[in-house]
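Undergrad: Sequence plus the predicted model coming up.
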Amino acid sequence: MNLSLRRHSVLPGFGLSLGVTVLYLSLIVLVPLSAAFIKTASLNWVAFVAAVTSPRVLASYRLTFGASFLAAVINAVFGLLVAWVLVRYRFPGRRVIDAMVDLPFALPTAVAGIALAALYATNGWIGQLLAPAGIKVAFTPLGVLVALIFIGLPFVVRTVQPVLEDLQPELEEAAATLGANRIQTFRRVIFPAVLPALLTGFALAFARAIGEYGSVIFIAGNMPMVSEITPLLIITKLEQYDYAGATALAVVMLSISFLLLLLINLLQAWMRKASGQ
Amino acid sequence: MTTATAALAGLPRHAVATPVCAARDATTEPVWVRRTLIGLALAFLGLFLFMPLAVVFHQALSKGVAVYWRAVTDPDALAAIRLTLLAAAIAVPLNLVFGVAAAWAIARFEFRGKSLLTTFIDLPFSVSPVISGLIYVLVFGLQGWFGPWLADHDLKVIFAVPGIVLATIFVTFPYVARELIPLMQAQGAEEEEAAVVLGANGWQVLWRVTLPKVKWGLLYGVILCNARAMGEFGAVSVVSGHIRGLTNTLPLHVEILYNEYQFAAAFATASVLALLAIVTLGLKAWVEHQQNSPEPVPFDREPQP
């Protein structure tokens, strides 16, 4: 790496553009984010541990991380299926459905939340079919899972899709020529090629799910110890003017998010290497 | 987003079908497998995408058109629409200017700390919306860093419009930049360098060379940025204070109506946001189509025989 700050280029505007970028980034993102960590530093260690490990908080971690993990697993399976169907098969309405996959990115989370609550309530379109079987979704942890599946749906599809599109047909033809059947070709040729993208999509969906708030609170029922997610607990503490407690929880969540971001960066580097770019 | 980038890099959007029938048989699945897989995928998407969307409009119109119309033209709803538009009108241009500046610095120059800077730009995407609101409370709230100073000068940021705008800027921060950076990196700097050698200054290069080259990527980022700005709920909810007619955005108005058991009105308001989402997806598909179709060759640049 060059020792001077930048390598020579004939293009102008380096100082201005980098200055604007760093200034705006600091004012909007870095300084406010550091406020959370500085505020927590004013708490002593015992108080911090007590704030982030109370039974109600632990129950909210279990729900948040458990439901997020399960939702990401379900999205990985069905996301791969949807990406496969959209890339490999032709059927009426394919382009519209392809565009619709991004709906969870475009639909405000509050709208998704009340829509899912209405669908899965005991008198809703889906809820009334499940009620006779004794399955309750709305206002239970299962409702949290449903909301998190919705919110994470596009991530796996959109990371796997381009890799499937760029997969060279010659590889599969070679496998077939060498006597592999379709299942063997999928397991030994296609799946290893899409695995880095699949894991990246999984991690993105998981990271998005643990922070999700809007779509969950309407369908969760928000009962302490049962169906209360960690982001909601932060809001509850804020409304009780427990700023230190809210910030301590936020720092735990932020640290986990940053670790996930690091993991996602590593996965994406692996993905680029696997696709030979 | 990645699809668009791949398409821009000139990669084929769809695998080319093999012309020989025998080869195709060996590299595709039997009809019944194909139909089962398509059916399963459609069932999943129907359950998780189409039914939630359909139920919004069904519930919105369940009490008739008159109730619907009254809900969306209610003074509080109109005030919420105005505030939502205001927040987006400030957040989107600011993040657009930032995105262009960041892409210019990162995609056109080599410097130390570049990958760290790129990671920092992505940070707001990995922060929970609730925490995005909380950090501004810690800075500008009554007990925050600038709280006492703001109170002395009779300025309000939290539980007021500035807080809502700031939270909106934070959650939509990376959209334009992360669309432009890979695009400009893939395009390379040769044309800009040629313009400079021919005597153009920096602004001329930006307006005449760079921006025309990235216009679709830019528009793509702006569309996504705008959709998130208008739809943000968690972050805005923390800093808003939920004062009707004053600090209520459209998504917060939906929540208030819903919690007051005014379901038809809540879904009517929600349907406005759902329509916005559908328009966003339509525009997005259109921009992707524009990116994929090659630019028409201007007459004077056609190769001479």
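TA: It's in.
Undergrad: Quickly note the distance from A:Ala112 to A:Ala209.
TA: Relative to A:Ala209, A:Ala112 is positioned 13 Å away (Cβ to Cβ, to the nearest Å). (Glycine included, C-beta is placed from N, CA and C.)
Undergrad: Overlap in contacts, these two.
TA: Shared between the contact lists of A:Ala112 and A:Ala209 (criterion: Cβ atoms under 8 Å, 6 or more residues apart in numbering or on different chains) are residues A:Ile151.
Undergrad: got a list of what A:Thr159 touches?
TA: Counting by Cβ under 8 Å, 6+ apart, A:Thr159 has contacts A:197-198, A:200-201, A:204, A:271, B:2.
Undergrad: Just want the phi and psi numbers for it.
TA: In terms of degrees, to the nearest 10, the main-chain angles of A:Thr159 are phi -90, psi -30.
Undergrad: next one: B:Phe173
TA: phi -50, psi -50.
Undergrad: Apart from its chain neighbours, what residue comes closest to the closest residue to chain A within the stretch 1-150 of chain B?
TA: With Cβ to the nearest Cβ as the measure, the residue in the stretch 1-150 of chain B that lies nearest chain A is B:Ser128; the distance is 2.9 Å. With sequence-adjacent residues excluded and distances taken as Cβ to Cβ, 6 or more residues apart in numbering or on different chains, B:Ser128 is closest to A:Gly211, at 2.9 Å.
Undergrad: wait, doesn't the one you found sit right on B:Phe125?
TA: No - checked against Cβ atoms under 8 Å, the pair A:Gly211 and B:Phe125 is beyond contact range at 9.6 Å.
Undergrad: And those two? Which one has more around it.
TA: Neighbours per residue, other Cβ atoms under 10 Å in any protein chain shown: of A:Gly211 and B:Phe125, the larger number sits with A:Gly211, 26 against 18.
Undergrad: can you pull the contacts of the more buried one?
TA: Listed by Cβ under 8 Å, 6+ apart, the contact set of A:Gly211 reads A:231, A:253, A:257, B:126-131.
Undergrad: These into a markdown table, with extra columns for distance to B:His242?
TA: Listed next are the contacts of A:Gly211 as a markdown table, based on distance: Cβ to Cβ, whole Å:
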| residue | distance to B:His242 |
| --- | --- |
| A:Pro231 | 17 |
| A:Met253 | 23 |
| A:Ser257 | 26 |
| B:Ser126 | 27 |
| B:Val127 | 22 |
| B:Ser128 | 19 |
| B:Pro129 | 16 |
| B:Val130 | 15 |
| B:Ile131 | 19 |
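Undergrad: Can you flag the buried ones in those?
TA: A residue is treated as buried here by neighbour count (16 or more other Cβ atoms under 10 Å in any protein chain shown); on that basis the buried members of the contacts of A:Gly211 are A:231, A:253, A:257, B:126-131.
Undergrad: Check which helix or strand A:Val144 maps to.
TA: With elements delineated by DSSP states H and E, A:Val144 resides in helix A:141-166, which encompasses its position.
Undergrad: And the next helix or strand past that helix?
TA: Of the helices and strands lying after helix A:141-166 in sequence (DSSP H and E), the nearest is helix A:169-177.
Undergrad: Please point out which parts of that next one sit buried.
TA: If you call a residue buried by 16+ other Cβ under 10 Å, then helix A:169-177 has these buried ones: A:172-173, A:175-176.
Undergrad: same question for that helix, mean pLDDT?
TA: In this model, helix A:169-177 carries a mean pLDDT of 88.
Undergrad: Stretch B:280-293 too?
TA: In this model, stretch B:280-293 has an average pLDDT of 90.
Undergrad: and that stretch, how far from the chain's centre?
TA: In terms of Cα atoms, centre = their mean, to the nearest Å, the centre of stretch B:280-293 is found 14 Å from the chain centre.
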